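A.B. asks: just a sequence and a predicted model for now, questions to come.
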Amino acid sequence: MANIMNIDRVRVRGLFRRFDHDLAFPSGESVMIVIGPNGFGKTTTLRLIDLLFSQSIRRLATFPFQEIAVVFDEGTILSATRTTEQTRRKKQSHLPLTLSLQRGSKRKKFNPPTIDDTERLGIPFSAVEDFIPHLDRVGHHHWFSKDMGEMLDFDDVLAYYGDFLPTRFQHIPSPNPDWLQDILQSVAVRFIDTERLTGRPAQHRRKRRDIRHARTVRRYSDDLGRSITESIAKYGTLSQSLDRTFPTRLVAGGGRAEGSVDTLRQNLDSIERKRAELEEVGLLEEDPHSIAIPDLLQVDEPQRDVLAVYVQDAKEKLEVFDDLYEKVSTFKRIANSRFHHKQVAVSKKGVTVTTADGTPVDLEKLSSGEQHQLVMLYELLFRATGNSLLLIDEPELSLHVAWQAQFVKDLEETAKLSNFRAILATHSPEIIGDRWDLTVALNGSIDN
């Protein structure tokens, strides 16, 4: 879909045959805080949104609701409505949901067919375990995850272990029409709960959770290291290209110094400050052969022309790091403000942690709360793509009370930086703090 669209509102009708909920983002805000008593459907509402946009329509149909409607900022409405009993009897080969898209007076509908999972996958289910050793098949459509301690259906397997499958099986053809595919892919929705940050382990399996959490921290550290390495490689390639054409551009007159000597000095100072900032956050290694800024009053005009070309090139080279710098800088600043007697650093090797005396600390040896903090920050800053919607369920379960008080502030800051919106479900008054203006209360009982 060409136009960038954001979700403004979500309406759920007939949840548990008891509740109608209407969740709308406060005007001009990127964060919504959903509150309400246990049993009113905070988590379930988030899961309905996630299942709809992850195209897990069969699982969506198993939840007890009558309709979910998602309203976009330009007025488009996507809805999933449970079909009547009469329709279900007529269409037994279809799921009991009708998906519809309304734009103005135009409305499109689709009743998803029931498709055998082996047809979708293209290989027999008996082969799934060959590719994913973590799974034991316990039924035709179900597996037990040994490292998560949970029963998974086919959609769960694809969601959590899809990367283990051969590439040709990772992109399974969808039965959805193009218009439905377009709208479902227009917003990247990510469901984040305390368990899923660790790979969604069973709550009663503390040891499994800790192992899974440690794996996630290590994987994200490696991912960040690769991103930095790629940026450094781009920087090197661009540097070589500009250095190779430097004489040609200089002779062609592309570097005529414009403005005063003071302007040139300010530009040189700015470049050195930016280079120092990049070195400080770990995106560039410290250069022992850095060039001191000359006394420009002693430099003649031809030499200033050379410096002008240098300024242009240096700015272009360092711009390679602009987006990554903001995110890495924020990651380090927030993480270091949370950790006591430890220092978090970032480099092409990934995330490293040291004690106050400089002793390295394995990421796997950090406390579960510290690991959770690193994983959550990475999710918000590096995995949330532009124009995405994050669904965050009860983050207080793994956050120290002091950290809870800073969570919404951190969330708003990272939302602006990564250009996402977030719906946060919580029971914690510490998380809400003084931001009651962001709250939406679930109290829409049908009986009222």
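C.D. replies: Sure, I can see it.
A.B. asks: where in the stretch 251-400 of the chain is pLDDT low?
C.D. replies: 253-259, 288-299 (pLDDT under 70).
A.B. asks: where do the strands sit along it?
C.D. replies: 342-347, 350-355, 360-361, 388-393 (DSSP state E, counting those that start in this stretch).
A.B. asks: the first one packs against which elements?
C.D. replies: To tie it back to what came earlier, the one meant is strand 342-347. helix 206-251, helix 322-338, strand 350-355 (3 or more C-beta pairs under 8 Å, 6 or more residues apart in numbering; DSSP states H and E). Quick note: C-beta positions are derived from backbone N, CA and C, even for glycine.
A.B. asks: quick check: neighbours of the last one in the sheet, parallel or antiparallel?
C.D. replies: To tie it back to what came earlier, the one meant is strand 350-355. Applying DSSP bridges, strand 350-355 is found paired with strand 342-347 (antiparallel), strand 360-361 (antiparallel).
A.B. asks: gap between it and the chain center?
C.D. replies: 22 Å (C-alpha atoms, centre = their mean, to the nearest Å).
A.B. asks: may I see the buried residues of it?
C.D. replies: Gly350, Val351, Thr352, Val353 (16 or more other C-beta atoms under 10 Å).
A.B. asks: what sits against the third one?
C.D. replies: By C-beta atoms under 8 Å, 6 or more residues apart in numbering, the contact set of Thr352 is Val344, Ala345, Val346, Pro360.
A.B. asks: same list (those residues) but as a markdown table, adding neighbour count and distance to Thr439.
C.D. replies: Below are these laid out as a markdown table (neighbours: other C-beta atoms under 10 Å; distance: C-beta to C-beta, whole Å):
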| residue | neighbour count | distance to Thr439 |
| --- | --- | --- |
| Val344 | 23 | 32 |
| Ala345 | 16 | 37 |
| Val346 | 21 | 34 |
| Pro360 | 10 | 42 |
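A.B. asks: now the two most distant members of those.
C.D. replies: Between any two of these, the greatest separation by C-beta to C-beta is 14.2 Å, found for Val346 and Pro360.
A.B. asks: could you chop this protein up by domain?
C.D. replies: 1-111+181-187+387-448, 116-174, 203-383 (automatic domain parsing).
A.B. asks: tell me where the stretch 51-200 of the chain has helices.
C.D. replies: For the stretch 51-200 of the chain, the helices defined by DSSP state H, counting those that start in this stretch occupy 57-61, 85-90, 117-121, 128-131, 154-161, 167-170, 178-184.
A.B. asks: worst average pLDDT in those?
C.D. replies: Note on the helices of the stretch 51-200 of the chain: lowest mean pLDDT is at helix 117-121, with a mean of 53.
A.B. asks: any chance of the strands paired with strand 350-355 in CSV, plus distance to Thr385?
C.D. replies: Below are those laid out as CSV (distance: least, C-beta to C-beta, whole Å):
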stretch, distance to Thr385
strand 342-347, 20
strand 360-361, 31
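A.B. asks: so which of these comes closest to Asp287?
C.D. replies: That would be, of these and by C-beta to C-beta, strand 342-347, which comes in at 14.9 Å.
A.B. asks: got a list of what the residue nearest to the spatial centre of the chain touches?
C.D. replies: Nearest residue to the geometric centre of the chain (C-alpha atoms, centre = their mean): Ala384, 2.0 Å. Contact analysis of Ala384 by C-beta under 8 Å, 6+ apart lists Ala188, Arg190, Leu390, Thr414, Ser418, Phe420.
A.B. asks: about what we covered before: now the strands of the stretch 251-400 of the chain in CSV, with distance to Ser270?
C.D. replies: Listed next are these as CSV, based on distance: least, C-beta to C-beta, whole Å:
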stretch, distance to Ser270
strand 342-347, 23
strand 350-355, 29
strand 360-361, 35
strand 388-393, 33
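A.B. asks: how about those strands, which one is nearest Lys234?
C.D. replies: Lys234 sits nearest to strand 342-347 of all these, at 16.5 Å, using C-beta to C-beta.
A.B. asks: hey, C-alpha coordinates of that closest one in PDB?
C.D. replies: Provided in PDB are the C-alpha atoms of strand 342-347 (Å, rounded to 0.1, in the frame of the first residue of the first chain):
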ATOM      1  CA  LYS A 342      27.900  -1.600  35.800                       C
ATOM      2  CA  GLN A 343      28.700   0.100  32.500                       C
ATOM      3  CA  VAL A 344      27.000  -0.800  29.200                       C
ATOM      4  CA  ALA A 345      29.100  -0.200  26.000                       C
ATOM      5  CA  VAL A 346      28.400  -0.900  22.300                       C
ATOM      6  CA  SER A 347      30.700  -1.700  19.500                       C
END
